[in-house]
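Peer 1: got a predicted structure plus its sequence, pasted below:
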Amino acid sequence: MSKQKKCSIGSVIGGILCMIFIPVIVINLTLIISTYTKPGEMPGVFGVKPAIVLSGSMEPEILTGDMILLHKTDPDLLQTGDVICYLDSGQAITHRIVAVREGEDGQVRYITQGDGNNTADRKAVRADQVQGIWRGGKITGLGNGIMFMQSTTGMILFMICPLCLFILWDIWRRRELDRKEAKHRADLEAELYSYRAREKMGQEEKEPGL
């Protein structure tokens, strides 16, 4: 394999790593900032909130370990049949609205139930608990992958190892640039030496008595 092809492959790998890491870092920073600026709410990006389903209460439509995408909604527009995600004591729950009622305080309440459950949830849901509506967007099994990435083993495999590979690639890239620069400088010096040698020989040939 030629050196030029090796360099090209290295550039492609570096570009791919940047394309992977930069969006992930930007999204993570956005989620972290959202967590601090809006306490008591699930973090989101551009109006979409990702949520990991930890139970099978919504099976078979939503499976344990799926990542669902929640969309911001006006609670007043929610109706029976909508699937919502709400916070209860800090825990995110995704269930379907089976009834809409008015509470004793005159505020609307949502009665929810998991598709896989036989009975409705004990507590009615207030409008301020609703985090978003689910419109069918999900990535099957991605939640399990994210939870694994948050474990010690997952962090080593998916964060530390790629970071080390990126650092090694960057070191190799810099050395290649230094090597190319040194070769270019050596070629220039060789060419200059050859030019001076030819010039000297020409002057000697012109001198009389030789």
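Peer 2: Thanks, I have the structure now. Numbering: from 1, shown residues only.
Peer 1: from now on I want contacts and neighbour counts done on CA atoms only, so please keep to that.
Peer 2: Fine.
Peer 1: and stretch 83-98, what's its mean pLDDT?
Peer 2: For stretch 83-98, the mean per-residue pLDDT is 93.
Peer 1: can you get me the start-to-end distance on that stretch?
Peer 2: Stretch 83-98 stretches 9 Å from its first residue to its last (Cα to Cα, to the nearest Å).
Peer 1: chain center to it, what's the gap?
Peer 2: 25 Å (Cα atoms, centre = their mean, to the nearest Å).
Peer 1: contacts for it next, please.
Peer 2: 40, 51, 53, 57-58, 70, 79-82, 110-115, 120, 125, 129-135 (Cα atoms under 8 Å, 6 or more residues apart in numbering).
Peer 1: flag every buried residue along that stretch.
Peer 2: Along stretch 83-98, these residues count as buried under the neighbour rule (16 or more other Cα atoms under 10 Å): 83, 84, 85, 86, 87, 92, 93, 94, 95, 96, 97, 98.
Peer 1: from those residues, which single one is nearest residue 167?
Peer 2: residue 92 (37.7 Å; Cα to Cα).
Peer 1: coming back round to it: just give me the closest of the buried residues of stretch 83-98 to residue 139.
Peer 2: residue 94 (15.2 Å).
Peer 1: mind checking the SS state of that closest one?
Peer 2: strand (DSSP: H, G, I helix; E, B strand; the rest coil).
Peer 1: quick one: average confidence on the host helix or strand of residue 200?
Peer 2: In the assignment (DSSP states H and E), residue 200 maps to helix 161-206. The predicted model gives helix 161-206 an average pLDDT of 82.
Peer 1: ok now that helix, how far from the chain's centre?
Peer 2: Counting by Cα atoms, centre = their mean, helix 161-206 comes out at 40 Å from the chain centroid.
Peer 1: what's that helix packed up against?
Peer 2: helix 3-37 (3 or more Cα pairs under 8 Å, 6 or more residues apart in numbering; DSSP states H and E).
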